[in-house]
Structure formats: C-alpha cells, structure tokens
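In: give me coordinates for this.
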Amino acid sequence: MKTSADTIIAADDSSPYYKGYHAAEDIELARRRAAIEANAPLDAPSGDALPSALHSPYVRKQLEELKVHRPYFLWLVTAIQVVMLIVELVLNQQKTGQLIQTNPFNPMIGPAPGIIIQTGARFTPCIRPHTGMDTPGALFQCPDGVTGGTPQKQSDGTTIYTCTLDQICGMGGLNGQPPNQWYRFIVPVFLHGGVVHLIFNLGFQCRTGFQMEQDFGWWRMALIYIISGVGGFIFGGNYAGLSPSVGCSGALFGLIACLLIDLLQNWRLVKNPGWELAKLIFLIIFSFLLGTLPYLDNFAHIGGFFCGFLAGLIFMPTIYYTKTDKIVKITLQVIAVPLLITVYALMITGFYNASNNCPWCKYLTCIPGMPWCESKWNSTMIPS
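Out: Numbering: from 1, shown residues only. Just a heads-up that it's a prediction; the model follows:
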C-alpha cells in the first residue's frame with residue numbers, strides 16, 4: 001500500500017482477534033439477570049452456585065434495575081463507515097480509473113493513498129505547520145489518486161507529477177494559510193483503508209461493541225468511542241511521523257479497555273475471574289503485537305486504549321457491592337476526569353509544538369529486525 005513517494009496508509013486495525021472475550025461474560029450476566037428477574041434460586045441451571053455477591057439484596061436490586069438498550073450509536077457509526085468506504089472507492093474509480101488500487105496493490109483492497117488523504121485521513125502535514133512540507137512553493141511527488149499535479153520530466157526520461165501540499169490535502173485546501181485541518185483527528189474514525197480493513201474492525205464492533213452498548217446505553221458508548229478514537233489519532237500524531245492513518249481501531253481498543261475495567265470492577269460477579277483476566281491480558285498483548293505489523297498504526301491503538309480506560313472509569317455504568325466499594329469507585333471516577341483532560345491537553349500541546357522527541361517510541365510500532373520497520377519508521381513524502 002506504499003506509494004512511489006514512500007507514503008503508506010497506517011490502517012489501525014487488528015480487531016477480529018479480540019472478539020471472543022465478551023461472549024462468555026454476556027452469558028454469565030444473562031444468567032444472573034434471568035435468575036434475579038424470575039426470582040429463581042441462586043443456582044445456575046447447570047447446578048453450579050452463582051457468585052456469592054448475588055446473595056446481597058443491595059447487589060440484586062442494582063442488577064434488577066439494569067436496562068438493555070438498543071445500540072443506536074454503533075448502528076449509525078457502522079452505517080457511516082460503510083458509506084464512507086463506498087465514497088472512497090467511487091472517488092478512486094473517478095480519479096484513477098480503478099475501483100481499488102492495484103499498482104502498487106493495496107493489501108486492504110481499497111483506494112489509493114491520495115484518495116484516503118483527501119477524504120480526511122490523519123495526515124500531520126495537513127494539520128499543523130513545521131513538518132517540512134509547508135514551505136511556500138514546495139513541490140512533492142503526488143501520491144497515487146491525487147490529480148492536478150504538474151508534470152516534471154526526470155533525467156531517466158520518465159515523467160512524474162508534482163503537487164503542492166494544498167493539492168495533496170484537499171478538503172477545501174489550505175487557502176494560503178498554515179496547515180490547520182484539525183478535524184483530521186475526528187474524520188478518520190469513520191474511514192477505512194479498504195474492504196479488508198473495514199471487515200476486520202466491524203467484526204469486533206458489531207459482535208462485541210453492540211453488546212456493550214446494550215449494557216452502557218447510546219450516550220455512554222458515544223462518549224467512550226469518540227474519546228478513544230480521537231485520542232488514539234492525537235497520540236499517533238505525536239509519534240507516527242508523516243504516515244497517513246485511518247480506521248476506528250483506536251476506538252475499539254478503548255472498548256477493550258472498558259472490558260478490562262468491567263472485569264476488574266465486577267470481579268465478584270464473574271465465574272473464574274482469574275482465568276478470565278489471564279485470557280483478556282493475553283488478548284490485549286496479542287492485539288498490541290499485531291499493531292507492529294505493516295500498515296497498522298499501533299500508536300493509535302495505544303492512545304485509544306489508555307484514553308478509553310480513563311473514559312470508561314468516568315462513563316461506564318457501575319455496580320456497587322458495599323459502601324466502601326462505592327466510595328472507591330466514585331473516587332476513581334472523580335480522579336479520572338482531570339486525568340483524561342490532562343492527557344488530552346498534553347497530547348494536543350505536544351502535537352502542535354512538535355515537542356515529542358522520543359527516539360525509542362518507534363519500537364512500540366515495530367519490533368526491531370523486522371523487514372518492514374524502516375518503512376514504518378521513516379514513511380515520509382519525499383520532496384521532488
């Protein structure tokens with residue numbers, strides 16, 4: 001998915017690999033609710049005793065009051081994401097004559113990098129100045145899919161097309177002003193690098209995300225999803241160089257963080273919680289390792305996970321088991337509010353000041369020795 005100008009699309013996915021965890025917990029929760037609502041004995045149909053916490057009238061009352069919501073938010077988001085990929089493919093057909101990029105081949109089965117940039121990918125040179133691409137009059141080899149460039153004949157007799165940053169960014173252009181397309185932290189949550197990328201992410205979003213929204217409600221899910229997705233792209237903008245990035249995996253990693261919170265806060269209600277925690281930790285580590293593969297933006301995964309963890313502490317519905325437990329959980333909720341604001345402020349300030357000098361951070365997105373590391377670490381637009 002690499003252009004001749006060494007631009008790659010960092011498609012922050014990996015989602016289908018962690019879709020198995022929530023199902024077991026949903027079954028357990030359904031059994032508890034059914035037992036309570038039917039005023040059944042506190043024994044599972046299998047004969048196994050339910051967790052002792054369910055003997056508490058205080059806990060049982062809270063469980064009885066839980067509502068099952070319709071996943072309106074994720075229905076809407078999923079529809080938008082599908083429509084946006086169709087728009088990308090149509091634009092690719094109009095500008096390149098092909099529905100998907102084939103030369104070089106896009107392994108995500110999707111449009112050319114230039115199309116993805118112009119539909120709203122997080123692309124740092126379009127968001128802030130001082131990237132080396134905002135010098136007045138500077139020309140760069142046009143990414144595949146960007147039209148309107150100026151032909152330039154090379155010494156070997158070939159012709160390339162050069163573009164200004166304004167032409168590359170699109171979306172109304174920069175209009176002679178310093179780059180400030182800040183909405184590129186929001187829009188890419190709804191974009192994907194191709195059909196494969198979309199299917200992977202929707203596999204988790206539809207199977208587990210919908211179930212979570214049924215527990216959380218639409219507005220809680222909306223806040224956690226957007227905070228995680230946008231936070232992932234801001235964090236990635238600090239460290240991922242000039243690689244364009246799209247996808248909702250930052251948001252999905254935020255939901256995984258919520259699964260971890262759910263397990264830890266409801267430890268007393270989960271059968272074999274230690275084993276469930278071990279499985280979840282394995283899946284989290286495995287998912288982050290997948291982010292070190294080509295075309296994946298692991299920085300968006302990391303940022304989405306930690307922003308989602310703080311957002312989950314604030315917005316997730318909570319069961320209280322004792323008065324002390326209630327005090328502890330409310331205290332964590334209160335502490336998480338300024339922490340999340342501070343994290344966002346530091347990420348935004350660091351991004352616009354270009355002050356994150358972290359030479360070792362690149363190892364978070366690629367394990368040294370892998371043949372694709374240099375392309376992930378040094379992906380840039382090369383001046384012509």
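In: and residue 152, helix, strand or coil?
Out: Here residue 152 is recorded as strand under DSSP: H, G, I helix; E, B strand; the rest coil.
In: and for it, the neighbour number?
Out: 13 (other C-beta atoms under 10 Å). Placement of C-beta: from N, CA and C, glycine included.
In: wait, isn't it in contact with residue 162?
Out: Yes. Between residue 152 and residue 162 there is a contact under C-beta atoms under 8 Å: 5.4 Å.
In: for the stretch 201-350 of the chain, give me the ranges with low pLDDT.
Out: Across the stretch 201-350 of the chain, residues meeting the criterion (pLDDT under 70) sit at 295.
In: C-alpha coordinates for stretch 332-344, CSV please?
Out: What follows is stretch 332-344, C-alpha atoms only, in CSV (Å, rounded to 0.1, in the frame of the first residue of the first chain):
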residue,chain,number,x,y,z
LEU,A,332,-11.6,6.7,40.8
GLN,A,333,-14.3,8.2,38.6
VAL,A,334,-13.6,11.7,40.0
ILE,A,335,-9.8,11.3,39.6
ALA,A,336,-10.2,10.1,36.1
VAL,A,337,-11.9,13.3,34.9
PRO,A,338,-8.9,15.7,35.4
LEU,A,339,-6.5,12.9,34.3
LEU,A,340,-8.3,12.5,31.0
ILE,A,341,-8.4,16.3,30.5
THR,A,342,-4.6,16.5,31.3
VAL,A,343,-3.8,13.6,29.0
TYR,A,344,-5.7,15.3,26.1
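In: any weak-confidence spans in the stretch 1-150 of the chain?
Out: Low-confidence segments of the stretch 1-150 of the chain, defined by pLDDT under 70: 1-50.
In: mind doing that once more with 90?
Out: Along the stretch 1-150 of the chain, segments meeting pLDDT under 90 span 1-67, 103-107, 130-138, 147-150.
In: tell me where it has helices.
Out: Listed in chain order, the helices of the stretch 1-150 of the chain (DSSP state H, counting those that start in this stretch) span 21-37, 57-64, 72-96, 113-118.
In: from residue 160, how far off is residue 297?
Out: Residue 297 sits 27 Å away from residue 160, going by C-beta to C-beta, to the nearest Å.
In: out of those two, which sits in the more crowded spot?
Out: Counted by other C-beta under 10 Å, residue 297 and residue 160 do not tie: residue 297 has more neighbours, with 33 against 15.
In: these two touch, right, that one and residue 243?
Out: Yes. Using C-beta under 8 Å, residue 297 makes contact with residue 243 at a distance of 7.0 Å.
In: and residue 147, how close does it get to residue 211?
Out: On the measure of C-beta to C-beta, residue 147 and residue 211 end up 43 Å apart.
In: the two: which has the busier surroundings?
Out: Set residue 147 next to residue 211 and count neighbours by other C-beta under 10 Å: residue 211 wins out with 18 against 13.
In: okay, buried residues for the helix or strand where the more buried one lies please.
Out: In the assignment (DSSP states H and E), residue 211 maps to helix 210-216. Of all the residues in helix 210-216, those buried under the rule 16 or more other C-beta atoms under 10 Å are 210-216.
In: which helices and strands sit right next to that helix?
Out: helix 21-37, helix 72-96, helix 218-239, helix 249-265 (3 or more C-beta pairs under 8 Å, 6 or more residues apart in numbering; DSSP states H and E).
In: which stretch among the ones you listed comes nearest residue 274?
Out: Proximity to residue 274 (C-beta to C-beta) singles out helix 249-265 among the helices and strands packed on helix 210-216, at 10.2 Å.
In: between the closest one and helix 72-96, how many degrees?
Out: Angle of helix 249-265 versus helix 72-96, following axes from the mean of the first three to the mean of the last three C-alpha atoms, to 10 degrees, is 160 degrees.
In: which SSE is immediately downstream of helix 249-265?
Out: With elements assigned by DSSP H and E, the helix or strand that comes after helix 249-265 is helix 273-290.
In: give the buried residues for that next one.
Out: So for helix 273-290, counting by 16+ other C-beta under 10 Å, buried means 276, 280, 283-284, 287-288, 290.
In: any idea which of those is closest to residue 79?
Out: Nearest to residue 79 among these, counting by C-beta to C-beta, is residue 287 at 25.3 Å.
In: relative to residue 370, how far out is residue 104?
Out: Separation of residue 104 from residue 370 (C-beta to C-beta) stands at 19 Å.
In: where's the nearest residue to residue 51 once chain neighbours are set aside relative to residue 256, distance?
Out: Leaving aside its sequence neighbours, residue 51 sits nearest to residue 269 (C-beta to C-beta, 6 or more residues apart in numbering; 5.2 Å). Counting by C-beta to C-beta, the gap from residue 269 to residue 256 is 19 Å.
In: more neighbours: which of the two?
Out: Per other C-beta under 10 Å, whichever of residue 269 and residue 256 has more neighbours is residue 256, with 26 against 22.
In: biggest helix in the protein by residues?
Out: Scanning the chain for the helix with the most residues, using DSSP state H, yields helix 323-353.
In: please compute how far that helix lies from its chain's middle.
Out: Chain-centre distance of helix 323-353: 19 Å, with C-alpha atoms, centre = their mean, to the nearest Å.
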